[in-house]
Every structure is written in C-alpha cells, then in structure tokens.
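K.L.:
Predicted model follows, preceded by the sequence.
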Amino acid sequence: MEIFPHIHQIASMVADRNLYQYLFVGDNTVLLDTGASYTPKEVILPFLKQLGVPPSQLTMAINTHADADHHGGNDLLKEAVAEMLLACGDLDRKIIEDPDLLFASRYDQWIDQHGIGLGLNPEASAWVRKMVGKPRRIDLTFTGGEHISIDSERSLRVLHVPGHSDGHLALYDSMNRAVFVGDALHGAYCPNALGEPSLPPAYYSVAPYLATLQAMEELPIDWIYSGHWPVFHASQVSDFLTECRQFVEKASLLVLKALESHLDDGVTMQLCIDECGPILGTWPEHNRWLLMYPMYGHLVHIEQQGLTSRIENEGKTRWKLKGGEI
Ligand SMILES: [Zn+2]
C-alpha cells in the first residue's frame with residue numbers, strides 16, 4: 001500500500017499479528033526490515049514485482065532491531081540481491097548476525113537464573129528458529145543521527161531508539177512528519193490483527209525506553225508507522241505515546257507493590273509476572289510469560305536505584321527491598 005508518494009507499507013502476518021515492512025523508493029531505494037526467513041520470497045519480492053521495481057534497485061535493507069520477524073529475511077534477501085547493503089543498529093549487529101547468540105542473549109537469557117524463557121517451550125522455540133533464518137553478515141551499522149538520501153529532495157534521519165533492544169533504530173521522514181519505529185514503542189500491548197491484546201509490552205531496559213519516549217514526544221510527528229501496531233495519526237500520536245508512558249508507570253508501581261508485599265522472602269521474576277500480569281493486561285494467558293521483559297526491566301531499574309538487594313539461590317534469583325520500606 002502506498003502510504004505517501006513513493007513510500008509503501010508491505011503487509012503480512014506473524015502468528016495472529018500484523019507484520020509490516022516499509023519501502024522508500026527513489027534514487028536510493030531503502031527497505032525497512034526484512035521480515036521472517038520466508039518473508040522475502042513470499043511477500044517482499046512479489047510486492048516489488050507488482051510495483052515494477054526490480055530487486056536490483058534495492059540499495060539497502062535496514063533492520064530496525066534484532067528479532068526473528070524483523071531481520072530473519074536478511075539471508076534470503078541478500079541471496080536474491082547481492083549488491084544490496086544490509087544495515088542495522090550498531091548494538092544489535094552481533095545478535096543479528098548470529099542466531100545462536102540471538103537465542104542465548106535475547107530469548108533464553110533468563111532460563112538459568114530465573115526459570116523463564118522461550119527455550120522452555122520447544123515448539124515455540126523451533127518456530128522462532130525457523131523464522132530467524134541462516135546467519136548473514138551485516139554490511140554497515142548506524143548509531144543514530146545519520147541521514148540517508150532517497151533522492152535529491154527526500155532523505156531519512158536515522159534515530160537510535162533503545163528499550164526493546166539496545167541498538168533499535170527508527171527512520172524519521174521530515175517531509176511527511178512521519179516516523180517508522182519498528183517495535184520501539186509498545187503502548188499497553190501488542191495487538192492482534194483485530195486490535196485485541198496479543199502480547200505484553202516487551203521493553204526490557206526502562207531508562208532507555210523512557211528516553212526513547214521523550215525523544216518521540218519532542219519530534220514533530222503527524223504519523224507513526226510500526227512493525228505490528230496500527231497507524232497513529234494526528235492526536236492519536238500523543239495518545240499512543242501517553243499510553244506507552246502510562247504502562248511503564250503502572251508496571252513500575254506494581255513491581256514495587258509486589259516487593260512491598262513480600263518483604264521477608266523477596267520476589268522472583270515469575271512471582272512478579274503472576275501478581276502483576278493480570279492487572280497489567282488481558283493478552284492470552286499463554287503469552288503472559290513474555291512479561292519477563294518489562295518485569296526484568298523494572299526489577300533491575302529499582303535495583304539500580306539502590307532500593308533492593310539480589311539474592312542468588314539455585315536458579316531462582318530473588319530481589320528483596322532493603323530496609324523493608326520505600
Ligand atoms: Zn516484532
């Protein structure tokens with residue numbers, strides 16, 4: 001779908017959710033996100049064909065961040081368009097290039113210490129493995145602040161928007177006052193294609209996420225386009241940013257409350273998921289474990305303020321409020 005002159009949204013699905021890539025056509029033709037391993041063949045290349053854009057016209061494909069549904073198509077797309085450059089955020093490069101490292105440091109990193117992670121569900125793990133595709137080298141990385149020329153009139157500014165991943169990128173189009181954010185902004189949930197809650201928000205570093213929200217609030221934005229969320233326009237932009245902030249505030253308070261009501265023995269990540277989850281949202285129960293990201297984020301954020309101590313105990317890390325009160 002052409003959303004602005006020469007800018008297209010490429011739509012497909014991942015599980016019950018929408019999945020979008022964006023194509024900026026010009027002297028330099030840039031693709032934002034490559035989807036899952038099968039997306040180039042099934043969706044992106046047929047889309048280019050229909051548009052009459054030869055794949056060899058693709059100058060660059062940029063991954064907004066490290067995740068199977070956003071960079072899994074790298075290998076297949078590079079195979080199809082050898083001269084195209086693959087790019088991503090500098091801090092996400094290593095885990096994008098190496099699927100084993102992606103699993104070890106992003107999906108399964110808390111299994112040993114906290115007993116939660118994708119690897120505990122072999123079926124889901126195998127599904128994500130399939131989506132992530134083969135290892136493929138990244139050609140160049142961005143740290144934010146770069147400009148990418150599309151033609152003599154149009155360019156995109158690269159933004160560094162961490163929180164969901166350390167090297168997460170967004171593209172800002174000043175001509176249309178539009179920002180293309182991948183999964184940088186989570187609102188109160190990630191919706192399914194019908195708009196109902198499907199997944200909990202998945203930011204895991206709280207301070208960088210809040211800085212990302214602030215940066216978005218300060219940018220002149222009329223449109224937000226993302227990887228899975230509906231488009232936000234005009235007053236919906238500030239409403240959505242407010243929703244993002246309110247979820248962070250609510251989650252932070254609920255984790256503190258959980259710590260307060262377990263002064264003696266402290267809390268585990270699982271306990272926070274069980275106690276805070278039902279109040280935080282109404283996504284399907286089988287997706288509740290994904291609250292591991294914000295719960296971990298908030299527990300560490302509170303720890304960084306010196307309010308808790310961490311107790312390591314046979315694969316079940318606990319956090320305990322110091323001095324018993326806040
Ligand atoms: Zn995603």
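P.N.:
Arrived safely.

K.L.:
Which part of the stretch 1-150 of the chain gets nearest to the ion, residue-wise?
P.N.:
Residue nearest to the ion within the stretch 1-150 of the chain (C-beta to the ion): residue 69, separated by 4.7 Å. In this view, the C-beta of every residue, glycine as well, is placed from N, C-alpha and C.

K.L.:
which SS class is that residue?
P.N.:
Using DSSP: H, G, I helix; E, B strand; the rest coil, the secondary structure recorded for residue 69 is helix.

K.L.:
Give the bridge partners for the residue nearest to it when sequence neighbours are not counted, please.
P.N.:
Excluding the flanking residues, the one nearest residue 69 by C-beta to C-beta, 6 or more residues apart in numbering is residue 14, at 4.6 Å. In this entry, residue 14 is beta-bridged to residue 17, by DSSP bridges.

K.L.:
so how many other residues sit close to residue 14?
P.N.:
Residues lying near residue 14 (other C-beta atoms under 10 Å) number 19.

K.L.:
I figured it hits residue 36, correct?
P.N.:
Yes: judged on C-beta atoms under 8 Å, residue 14 makes contact with residue 36 at a distance of 6.4 Å.

K.L.:
Tell me the spacing between residue 136 and residue 89.
P.N.:
To residue 89, residue 136 is 16 Å away according to C-beta to C-beta, to the nearest Å.

K.L.:
The two: which has the busier surroundings?
P.N.:
residue 89 (29 against 21).

K.L.:
what secondary structure does residue 170 sit in?
P.N.:
Secondary structure assignment for residue 170 (three-state DSSP): strand.

K.L.:
What does the pLDDT read for it?
P.N.:
pLDDT, residue 170: 99.

K.L.:
dump the residue contacts of it.
P.N.:
For residue 170, the contact set (C-beta atoms under 8 Å, 6 or more residues apart in numbering) comprises 64, 158-159, 161, 179-182, 184.

K.L.:
Out of these, list just those in strands.
P.N.:
Mapping the contacts of residue 170 onto strands (DSSP state E) picks out 158-159, 179-180.

K.L.:
Go through those residues and name the one nearest residue 233.
P.N.:
residue 179 (11.9 Å; C-beta to C-beta).

K.L.:
That closest one contacts residue 158, correct?
P.N.:
No: applying C-beta under 8 Å as the test, residue 179 and residue 158 come out as separate, 11.3 Å apart.

K.L.:
Next one: the residue nearest to residue 69 relative to residue 201, how far apart?
P.N.:
Residue 14 is 17 Å from residue 201, by C-beta to C-beta.

K.L.:
again with residue 308
P.N.:
Relative to residue 201, and taking C-beta to C-beta, residue 308 is found at 22 Å.

K.L.:
which one of those two has more residues nearby?
P.N.:
More crowded of residue 308 and residue 201, by other C-beta under 10 Å: residue 201, with 28 against 21.

K.L.:
Identify the residues contacting that one.
P.N.:
186-190, 244, 247, 251, 293-294.

K.L.:
can you pull the pLDDT of it?
P.N.:
pLDDT, read off for residue 201, is 98.

K.L.:
Show me what from the stretch 101-250 of the chain comes close to the ion.
P.N.:
Contact residues (C-beta under 5 Å from the ion) of the stretch 101-250 of the chain with the ion: 183, 227.

K.L.:
And the helices in the stretch 101-250 of the chain, which stretches?
P.N.:
For the stretch 101-250 of the chain, helices defined by DSSP state H, counting those that start in this stretch occupy the ranges 111-114, 122-132, 206-218, 235-260.

K.L.:
can you tell which of those helices is closest to residue 102?
P.N.:
Using C-beta to C-beta, those put helix 122-132 closest to residue 102, at 6.4 Å.

K.L.:
and residue 307, how many neighbours does it have?
P.N.:
17.

K.L.:
Would you agree it is in contact with residue 321?
P.N.:
Yes: with contacts counted by C-beta under 8 Å, residue 307 reaches residue 321, the gap being 6.3 Å.

K.L.:
so what's in contact with the two at the same time?
P.N.:
Common neighbours of residue 307 and residue 321, using C-beta under 8 Å, 6+ apart, are residue 259.

K.L.:
before we move on, the earlier item: closest to residue 27 out of the helices of the stretch 101-250 of the chain?
P.N.:
helix 206-218 (28.6 Å).

K.L.:
Surely residue 221 is in contact with residue 181?
P.N.:
No: applying C-beta under 8 Å as the test, residue 221 and residue 181 come out as separate, 9.8 Å apart.

K.L.:
That concludes my questions; thank you for your assistance.
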